[in-house]
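**Student:** compute the structure for the input listed below.
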Amino acid sequence: MSTLEILGNLLPATPDEALQKVLIVEDRIRQREQIKIRTEHIFHAGLYVRTVRLQPNTVFTSVLIKVPTLIVINGICDLLAGDQWVRVEGYSVIPANSGRKCIYITRGLVEITMVFPSDAKTVEEAESQFTDESHCLLSRTQDDDMVLFTGV
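**Tutor:** Next comes the predicted model:
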């Protein structure tokens, strides 16, 4: 286990070998009852902002992200970043490359926010901009999301 500084404070793309491991974990997670996760979406100033709040001891995989983004993590979690496990603690703003699929294991309450430039007019459009796996997103299957359009 290391800190994110070892990666140069950049979340790298996921190499193919690590991607296969993430897919195995993801398959195991999908065999269990899915927890309820509310996704908060904000459209403002040409940005799409997506936030989830996770309970302690949650194992969570992301979809394969196809665009560079910023990730904001608040809390303590272990994260498979590229092909290395790292510990993220406190409040971290992390540039993140495209081509990544991560595993998060929360150690306390954790908030994860992803931000990227977008001209999308709907959540579905924004989701399709950042992943080809939008059909796998919990925001597509759970009905208590919060959406805010500021008009700016």
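**Student:** and the residue nearest the centre of the chain, how far from residue 69?
**Tutor:** Nearest to the mean C-alpha position of the chain, counting by CA atoms, centre = their mean, stands residue 62 at 5.0 Å. Separation of residue 62 from residue 69 (CB to CB, to the nearest Å): 10 Å. Using the backbone N, CA and C atoms, a C-beta is placed for each residue, glycine as well.
**Student:** can you give me the distance of the residue nearest to the centre of the chain to residue 46?
**Tutor:** Distance, residue 62 to residue 46, by CB to CB: 23 Å.
**Student:** ok, the residue nearest to the centre of the chain touching residue 81?
**Tutor:** No. The criterion here is CB atoms under 8 Å, and residue 62 misses it with residue 81 at 11.1 Å.
**Student:** setting aside sequence neighbours, what's the nearest residue to residue 133?
**Tutor:** In this structure, residue 133 finds its nearest non-sequential neighbour in residue 63, 3.9 Å apart by CB to CB, 6 or more residues apart in numbering.
**Student:** what about the one you found, which SS state?
**Tutor:** coil (DSSP: H, G, I helix; E, B strand; the rest coil).
**Student:** any idea which helix or strand comes after the longest helix along the chain?
**Tutor:** Longest helix of the chain, by residue count under DSSP state H: helix 16-30. Counting by DSSP states H and E, the element after helix 16-30 in chain order, helix or strand, is strand 39-44.
**Student:** so residue 104 versus residue 24, what's the distance?
**Tutor:** 16 Å.
**Student:** please say which of these two ends up with more neighbours.
**Tutor:** Using other CB atoms under 10 Å, the more surrounded residue of residue 104 and residue 24 is residue 104, with 21 against 10.
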